[in-house]
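S.K.: here is a sequence with its predicted model. Questions after.
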Amino acid sequence: MAANINPTVRRRRLGAELRRLRQASGLKSREVAERLMVSQPKISHLENGNRTISPRDVRDLCAIYGVTDPQVIDSLMQMAKESGQQGWWHAYGSIPQSAYIALETDAVRLHLYASMAIPGLLQTPAYAHAVIGETIPLPTAEEAGTRLKVRLRRQHRIYDPARPLRLWVVLDESSLRRVVGGPDVMREQLEHLNALGAEPHITVQVIPYTAGAHPGLSGQFSILHFADSSVPAVVYLEQFTSDLYLDKPSDVQHYSVLHGHLQAQALDPDGSRDFITGVTKMYIDAASRP
């Protein structure tokens with residue numbers, strides 16, 4: 001597999017191309033499922049990139065869709081082979097959010113809003129350790145350790161010198177005020193946050209309490225964009241038991257407009273940096289008191 005090609009994103013790219021070919025042939029997914037003698041949901045899962053597709057299935061679909069160009073067929077079959085390979089996160093076993101991690105690894109641009117805590121990509125080891133220990137019911141030491149390693153490994157993406165992730169984060173003031181791990185941990189975390197915000201490819205903005213009600217009160221979300229225009233952007237909504245992924249253009253547009261409104265209501269990056277510095281001083285004072 002080519003360097004930096006993510007198998008999950010490759011599946012999505014292949015699925016999008018198969019959907020385009022099906023639509024060009026004039027066939028409905030139900031008709032394709034009947035010809036292949038499979039369920040209609042399987043065709044939907046393949047087109048959405050939610051499951052691995054075999055080169056044989058690709059060949060059969062090309063025959064149904066009337067694709068005869070051997071170069072096109074070979075290219076699609078090669079994509080199917082590559083999409084079956086595993087990403088770095090599989091080395092850690094079955095972990096939550098593996099589908100999201102796959103998308104995040106291949107994204108070139110990520111816009112996110114967080115209201116309750118500092119996002120995982122921006123967390124210090126001490127802050128991440130405290131979050132994992134305090135939010136997962138009765139974690140074993142092994143489970144907590146694995147989650148911490150995965151979270152810190154994810155952060156390599158924003159430091160990749162070849163293709164740094166363009167990150168635009170809007171935080172509610174609550175995420176700065178919520179004491180996670182104690183004053184010393186919070187001081188270190190907010191100093192780290194300001195250091196990251198000074199990077200040219202990372203923008204950090206804060207919405208203070210004084211802004212009042214704003215569109216982000218409905219909850220946190222992430223919008224992931226990819227270099228390949230054939231792979232649609234994805235909105236990720238994290239849930240406690242099951243996550244939600246939206247890639248309909250209308251949904252992506254809705255959340256993109258929502259993020260734009262949050263940017264407008266937040267302090268600008270310089271004002272946000274000053275605001276974070278002010279909250280950091282509060283934690284320094286708290287840590288120095290007996």
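M.R.: The structure has been received and is ready for your questions. Here the structure is a predicted model, which is why all the values come from computation and not from measurement. Numbering: from 1, shown residues only.
S.K.: for the stretch 51-200 of the chain, what spans make up the strands?
M.R.: Here the stretch 51-200 of the chain has its strands, by DSSP state E, counting those that start in this stretch, at 109-114, 166-172.
S.K.: the ones you listed: which one's closest to residue 150?
M.R.: Checking those against residue 150 by Cβ to Cβ gives strand 109-114 as the closest, at 17.3 Å. C-betas here are computed from N, CA, C, even on glycine.
S.K.: shaky segments in the stretch 101-250 of the chain?
M.R.: By pLDDT under 70, the low-scoring segments of the stretch 101-250 of the chain are 240-242.
S.K.: one more time with 80
M.R.: 138-139, 228-231, 239-243 (pLDDT under 80).
S.K.: and the helices in it?
M.R.: Assigned by DSSP state H, counting those that start in this stretch, the stretch 101-250 of the chain shows helices spanning 125-135, 141-154, 173-177, 183-197, 249-265.
S.K.: and the last one, what's buried?
M.R.: If you call a residue buried by 16 or more other Cβ atoms under 10 Å, then helix 249-265 has these buried ones: 251, 252, 255, 258, 259, 262, 263, 265.
S.K.: please name the nearest non-neighbouring residue to the second one.
M.R.: Pointing back at residue 252 there. Take residue 252 and drop its neighbours on the chain: the residue closest to it by Cβ to Cβ, 6 or more residues apart in numbering is residue 233, 4.7 Å away.
S.K.: close enough to count as contact, the one you found and residue 223?
M.R.: Yes: proximity of residue 233 to residue 223 meets the contact threshold set by Cβ atoms under 8 Å, at 6.2 Å.
S.K.: can you pull the residues that touch both of these two?
M.R.: The contact sets of residue 233 and residue 223 overlap at residue 252 (Cβ atoms under 8 Å, 6 or more residues apart in numbering).
S.K.: ok, now how distant is residue 230 from residue 146?
M.R.: Residue 230 is 34 Å from residue 146, where distance means Cβ to Cβ, to the nearest Å.
S.K.: hmm, I was thinking of residue 223
M.R.: With Cβ to Cβ as the criterion, residue 223 and residue 146 are 28 Å apart.
S.K.: out of the two, which sits in the more crowded spot?
M.R.: Under the criterion of other Cβ atoms under 10 Å, the comparison of residue 223 against residue 146 puts residue 223 first, with 22 against 17.
S.K.: so what pairs up with that one in the strands?
M.R.: When assigned by DSSP bridges, residue 223 has beta-bridge partners residue 111, residue 235.
S.K.: list the contacts of it.
M.R.: Listed by Cβ under 8 Å, 6+ apart, the contact set of residue 223 reads 110, 111, 112, 233, 234, 235, 236, 252, 255, 256, 259.
S.K.: same question, residue 244
M.R.: Listed by Cβ under 8 Å, 6+ apart, the contact partners of residue 244 are 236, 237.
S.K.: and residue 110, by the same measure?
M.R.: Residue 110 sits in contact with 104, 121, 165, 166, 167, 168, 222, 223, 224, 225, where contact means Cβ under 8 Å, 6+ apart.
S.K.: same question, residue 236
M.R.: Contact analysis of residue 236 by Cβ under 8 Å, 6+ apart lists 100, 103, 221, 222, 223, 224, 243, 244, 245.
S.K.: swap in 10 Å and give it another go.
M.R.: 97, 99-100, 103-104, 110, 112, 220-224, 243-246, 255 (Cβ atoms under 10 Å, 6 or more residues apart in numbering).
S.K.: for residue 128, same thing?
M.R.: Residues in contact with residue 128, defined by Cβ under 10 Å, 6+ apart, are 118, 120, 122, 147-152, 155, 180-181, 185, 189.
S.K.: just flag the most distant two among those.
M.R.: Within the contacts of residue 128, two members stand farthest from each other by Cβ to Cβ: 150 and 185, at 19.8 Å.
S.K.: residue 42 against residue 33, yeah?
M.R.: Yes: judged on Cβ atoms under 10 Å, residue 42 makes contact with residue 33 at a distance of 6.8 Å.
S.K.: which of the contacts of residue 110 tops the neighbour count?
M.R.: Within those, neighbour counts (other Cβ under 10 Å) peak at residue 224, which reaches 25 neighbours.
S.K.: state the distance from the residue nearest to that residue when sequence neighbours are not counted to residue 268.
M.R.: Sequence neighbours aside, residue 107 is the residue nearest to residue 224 in space, at 4.2 Å (criterion: Cβ to Cβ, 6+ apart). Noted for residue 107: a distance of 25 Å to residue 268, by Cβ to Cβ.
S.K.: the more surrounded of those two?
M.R.: Taking neighbours as other Cβ under 10 Å, residue 107 and residue 268 compare with residue 107 leading, 24 against 12.
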